[in-house]
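Novice: Can you look at this prediction? I've put the sequence above it.
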Amino acid sequence: MNNSLHEECGVFGIYTKNASLDAARSCFFALYSLQHRGQESCGIAVNSAGIIKQHKGIGLVCDVFNNENIESLGVGNMAIGHVRYSTTGNSSIENAQPLLIKHIKGPLAIVHNGNITNALELREKFESLGAIFHSSSDTEIIAYAITQNRLKTNSIEQAVKKTVKLLKGSFSLIVMSAQKLIALRDPIGFRPLCMGVTKDGSFMFASESCAFPTVGGKFLRDVKPGEIITVKGSTVKYDETFCKSKGNICIFEYVYFARPDSIIENTSVYKARLEAGKYLAKEHKALTADVVVGVPDSGLIAAKGFAKQSGLPYCDGFVKNKYIGRSFIEPTQNMRENVVKIKLNAIEQNVSGKRVVMVDDSIVRGTTCKRIVKILKNANAKEVHVRVACPCFKHPCYFGTDIDSTENLIACKMNIEQITKYIGADSLGFLSLEGLKEAIGIDNTNFCVGCFNGIYPQKPPSYSNKNKFDEKIEG
């Protein structure tokens, strides 16, 4: 397993009203903005007069797409796109999205961000009725349910509504039929999804608002938990049948997953991280130090907030090599040990001989933090005091991140004193859950904080879907 958390994926969809607005290229640029949400695979599907073409592959957006294959998709009035990091289903081209289905009622393409916790039960039920699945992705189960319900209903919207009733877990979906673009969130609203618009009235949907400016759009609002929005021509329909609560957005979106320039639940991610750093400093007032540094990239903003609140000077502690990606080859254990050293290098003149506060977004397994502390010590930092802008991560996530057991979580095996010794720090402190909630400060919604306290807004399954799915496919 990697030493950091990963979101499952990012989704984007656009319904254009302007023939000069290339839906395929708009989708391509938007996926670039969402690349941080998934680096395993990506894909785009384009609708031209009811005919849907797609291209997808394993790798980053810049590796999978070029001018030739983008042009081969044609100029359509609708397009959906996806970047993926798997939580349910292994890494393969079969699990890459969008999923394109051709059936008697017409073509259908779908992209999904989330994790269906009853996917295994649904799959077994459908297989007992004769269904054949080609992937281990829970998204294919959603697509199958929609197409089956479409045979029994008068419209794709009704088919989607029937499918929502079957699903448990997290799902932010964009569905593209021959004539309509449909966006929806699960009734709890675990994963983000928002709506944007261009000057000419073209509508867009994305996992994060940072995708909109790249294609000439602006953020309009979040899709409500349980809301289904259908776009066809100049008509937009809003269905709130499943809008039962204020929602429980994953709190880790603000800590780590989302890009800082995004707006989620009408709240700035940048501001939330800055405030988290301030609250972290308030909770650890007794700390004596000389400088504050942040761990790139998601720890930098919290570090600035910590410095501002504490009155300590902020300085750059590290230089990050931006050309090392997740695909970096690590053929031996010794080389794996050196990956962090290649990605990060300390700026010695800023930390040498100083008592350093090192602010990071989270500690998951502890191995990366240990190596970063060592980098500072090797740069002659006199002391390294680690402060973390969220609580201890102690419980599995069943709703869209890749942590599905406690065996690799350091906070489940060690207390604070033991973790401090393990990572080689002079002291260690975490932000309280109450402090994190206050820092984000949303009044009109709740949070899913199960990863911190084990209390989930929906009953989790008694097993790991990812492991069960892989066992089933491989067996």
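Specialist: That came in fine, so what should we check first?
Novice: how does the protein divide up, domain by domain?
Specialist: Domain assignment of the chain by automatic domain parsing yields the ranges 9-247, 271-453.
Novice: List the contacts of Val319.
Specialist: 344-345, 347 (Cβ atoms under 8 Å, 6 or more residues apart in numbering). Yep, even glycine has a C-beta here, placed from its N, CA and C like the rest.
Novice: and what of Phe252?
Specialist: Taking Cβ under 8 Å, 6+ apart as the test, what Phe252 contacts is 5, 362, 390, 401, 451.
Novice: now, which of the residues you listed lie within strands?
Specialist: Using DSSP state E, no member of the contacts of Phe252 sits in strands.
Novice: And those, which two are furthest apart?
Specialist: Cys390 and Thr401 (13.3 Å; Cβ to Cβ).
Novice: Quick check: Ile375 vs Ile423, distance?
Specialist: Distance, Ile375 to Ile423, by Cβ to Cβ, to the nearest Å: 12 Å.
Novice: Just the buried positions in the longest helix along the chain, please.
Specialist: For the chain, the helix with the greatest residue count under DSSP state H is helix 269-283. Residues of helix 269-283 classed as buried: 269-281 (neighbour count, 16 or more other Cβ atoms under 10 Å).
Novice: Averaging pLDDT per element, find the lowest-scoring helix or strand in this structure.
Specialist: helix 465-474 (a mean of 49; mean pLDDT, DSSP states H and E).
Novice: if we can go back for a sec, neighbour-wise, which of Cys390 and Thr401 wins?
Specialist: Here Cys390 and Thr401 are compared on neighbour count by other Cβ atoms under 10 Å; more neighbours surround Cys390, at 27 against 22.
Novice: can you pull the contacts of the nearest residue in space to that one that is not next to it in sequence?
Specialist: In space, not counting the residues next to it along the chain, Cys390 is nearest to Val255; the distance is 4.7 Å by Cβ to Cβ, 6 or more residues apart in numbering. Contact partners of Val255, counting by Cβ under 8 Å, 6+ apart, are 273, 276, 298, 361-362, 389-390, 436.
Novice: Closest to Ile51 out of the residues you listed?
Specialist: Distances from Ile51 to these, taken as Cβ to Cβ, are shortest for Ser298 (41.3 Å).
Novice: separation between that closest one and Asp22?
Specialist: Ser298 is 33 Å from Asp22, by Cβ to Cβ.
Novice: How far off centre is the top strand by length along the chain?
Specialist: Ranked by residue count and defined by DSSP E, the top strand of the chain is strand 106-116. Relative to its parent chain, strand 106-116 has a centroid offset of 16 Å by Cα atoms, centre = their mean, to the nearest Å.
Novice: Check stretch 282-301 too.
Specialist: With Cα atoms, centre = their mean, you get 25 Å for stretch 282-301.
Novice: For it, buried residues please.
Specialist: By 16+ other Cβ under 10 Å, the buried positions in stretch 282-301 come out as 284, 287, 289-296, 298-301.
Novice: again with stretch 379-396
Specialist: Quick answer for stretch 379-396 (16+ other Cβ under 10 Å): 379, 381, 383-393, 395-396.
Novice: Sort out for me which of those residues are in strands.
Specialist: Using DSSP E, the buried residues of stretch 379-396 in strands are 383-388.
Novice: can you redo these as JSON lines with pLDDT and distance to Phe205?
Specialist: Putting these into JSON lines (pLDDT from 0 to 100; distance: Cβ to Cβ, whole Å) gives the following:
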{"residue": "Glu383", "pLDDT": "98", "distance to Phe205": "48"}
{"residue": "Val384", "pLDDT": "98", "distance to Phe205": "43"}
{"residue": "His385", "pLDDT": "98", "distance to Phe205": "43"}
{"residue": "Val386", "pLDDT": "98", "distance to Phe205": "39"}
{"residue": "Arg387", "pLDDT": "98", "distance to Phe205": "37"}
{"residue": "Val388", "pLDDT": "98", "distance to Phe205": "33"}
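Novice: between the residues you listed, which is closest to Ser234?
Specialist: Val388 (49.2 Å).
Novice: Report the two of the buried residues of stretch 282-301 separated the most.
Specialist: Asp290 and Ser298 (23.6 Å).
Novice: residues contacting Tyr144?
Specialist: 126, 131, 133.
Novice: Buried only: go through these for me.
Specialist: 126, 131, 133.
Novice: TSV for the domains of the chain, including distance to Asp261?
Specialist: Listed next are those as TSV, based on distance: least, Cβ to Cβ, whole Å:
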stretch	distance to Asp261
domain 9-247	5
domain 271-453	11
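Novice: Would you mind finding the most buried of those domains?
Specialist: domain 9-247 (a mean of 21; mean count of other Cβ atoms under 10 Å).
Novice: Report how far apart the opening and closing residues of that one are.
Specialist: 20 Å (Cα to Cα, to the nearest Å).
Novice: do the same with stretch 112-127
Specialist: 21 Å.
Novice: The chain should start at 179 in everything you say after this.
Specialist: Happy to do that; since the first residue is 179 now, the last one works out to stretch 290-305.
Novice: Distance of Asn296 relative to Ile324?
Specialist: As judged by Cβ to Cβ, Asn296 and Ile324 stand 16 Å apart.
Novice: Actually, Lys486.
Specialist: 49 Å.
Novice: that's a helix at Arg301, yeah?
Specialist: Yes: secondary structure of Arg301 (DSSP: H, G, I helix; E, B strand; the rest coil): part of a helix.
Novice: Apart from its chain neighbours, what residue comes closest to it?
Specialist: Using Cβ to Cβ, 6+ apart and skipping residues adjacent in sequence, the residue nearest Arg301 is Ile319, 5.4 Å away.
Novice: which SS class is the one you found?
Specialist: Once three-state DSSP is applied, Ile319 turns out helix.
Novice: shouldn't it be in contact with Leu300?
Specialist: Yes: Ile319 lies in contact with Leu300 (Cβ atoms under 8 Å); the separation is 5.2 Å.
Novice: between the two, what contacts are shared?
Specialist: Joint contacts of Ile319 and Leu300 (Cβ under 8 Å, 6+ apart) are Ile294.
Novice: Mind giving me the packing neighbours of the helix or strand where Gln487 lies?
Specialist: Taking DSSP states H and E as the definition, Gln487 sits inside helix 478-488. In this structure, helix 478-488 makes packing contacts with helix 447-461, strand 469-472, strand 533-538, judged by 3 or more Cβ pairs under 8 Å, 6 or more residues apart in numbering; DSSP states H and E.
Novice: so how far is it off the chain centroid?
Specialist: Distance, centroid of helix 478-488 to centroid of chain: 24 Å (Cα atoms, centre = their mean).
Novice: ok, then the element right after that helix?
Specialist: strand 496-498.
Novice: who does that following strand pair up with?
Specialist: According to DSSP bridges, strand 496-498 forms sheet pairs with strand 522-524 (antiparallel).
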